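Colleague: Need coordinates for the below:
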Amino acid sequence: MKTVLITGANKGIGFETARQMAALGYFVYIGCRDLSKGLEAVRQLNATGLANIDCIQIDTTDISSVQAARRILDSKSGRLDILINNAGIAGDQPQHISTGSIDNLRNVFETNFFGAVQTTTAFIDLLRQSPEPRIVNVSSQLASLSFHTNSQNPNHRIYDAYSCSKTALNAFTVMLAKEYADTNFKINSVEPGYTATDLNGFKGLQTPAQAAEVIVKYATIDDAGATGKYFNKEGEMAW
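Modeller: Numbers count the residues shown, from 1 in each chain. Sure, this is the predicted structure:
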């Protein structure tokens, strides 16, 4: 049975991604900072008949926690087939880039960018043990520089710190995919869409279950699939 680690998976899009991946027959590790919340998520999924679920405590901003999670997963399975870097925060609002708090900017980057990078690098050796390793970095439409260049919507300005962190995450996707271009890795960024979660005060236009579908699609991409790309439900997006 192939294994999946999803960070920030005790709620929202991550939780629904875990549900869908488990329903497809993958063994899913729910990554969560708070172990009690992770175990509760496992119980909820078990109650729906999904037994192929476990929880691993991981704070992606804490390298000691990331390394401990890597050791636990190694002892449990010896390899990792799919890593979904889903953990993320919106940060304090507003975030106008010229006037926003530098501490807020750093805090957002710590989770949305550095956390994803150090989680990936910590687990890369376990991913190498898989015949079909996949990495999905959960991004956002707000990561797209093309989108910001062409958009006239002033409401996007309240998310400048968040947008920059996701743009950096997209850059990481490109660089890592280039590094592993001649291997069996598939590494992509995915924009799940404007979704009703606590990240945005539940103002999104779709459910977490709907958002999870595109993440699952690229987490399970076959060997003929793309790598180093940026996708939403409609297909490839402009960087």
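Colleague: And for the helix-or-strand element of the chain with minimal mean pLDDT, what's in contact with it?
Modeller: Lowest on mean pLDDT, DSSP states H and E among the helices and strands of the chain sits helix 145-150, with a mean of 93. Here helix 145-150 makes contact (C-beta atoms under 8 Å, 6 or more residues apart in numbering) with 141, 142, 156, 163, 167, 238, 239. Every residue, glycine included, has its C-beta placed from N, CA and C.
Colleague: Mind doing that once more with 6 Å?
Modeller: 141, 238 (C-beta atoms under 6 Å, 6 or more residues apart in numbering).
Colleague: Just the buried positions in it, please.
Modeller: For helix 145-150, the neighbour count (16 or more other C-beta atoms under 10 Å) marks 147, 148 as buried.
Colleague: what separates it from the chain centre, distance-wise?
Modeller: Computed by C-alpha atoms, centre = their mean, to the nearest Å, the chain-centroid distance of helix 145-150 equals 22 Å.
Colleague: how about the residue positioned nearest the centre of the chain, what does it touch?
Modeller: Geometric centre of the chain, nearest residue: residue 86, 2.2 Å, by C-alpha atoms, centre = their mean. For residue 86, the contacting residues are 6, 7, 8, 14, 138, by C-beta under 6 Å, 6+ apart.
Colleague: between these, which is nearest residue 79?
Modeller: Checking those against residue 79 with C-beta to C-beta, the nearest one is residue 6 at 16.1 Å.
Colleague: Quick check, pLDDT for the closest one.
Modeller: With respect to pLDDT, residue 6 has a value of 98.
Colleague: which residues are contacting the longest helix along the chain?
Modeller: If you go by DSSP state H, the chain has its longest helix at helix 160-179. Helix 160-179 is contacted by residues 90-91, 95-97, 100, 104-105, 108-109, 112-113, 116-117, 137, 139-140, 142-143, 187, 189, 227-228, 230 when judged by C-beta under 6 Å, 6+ apart.
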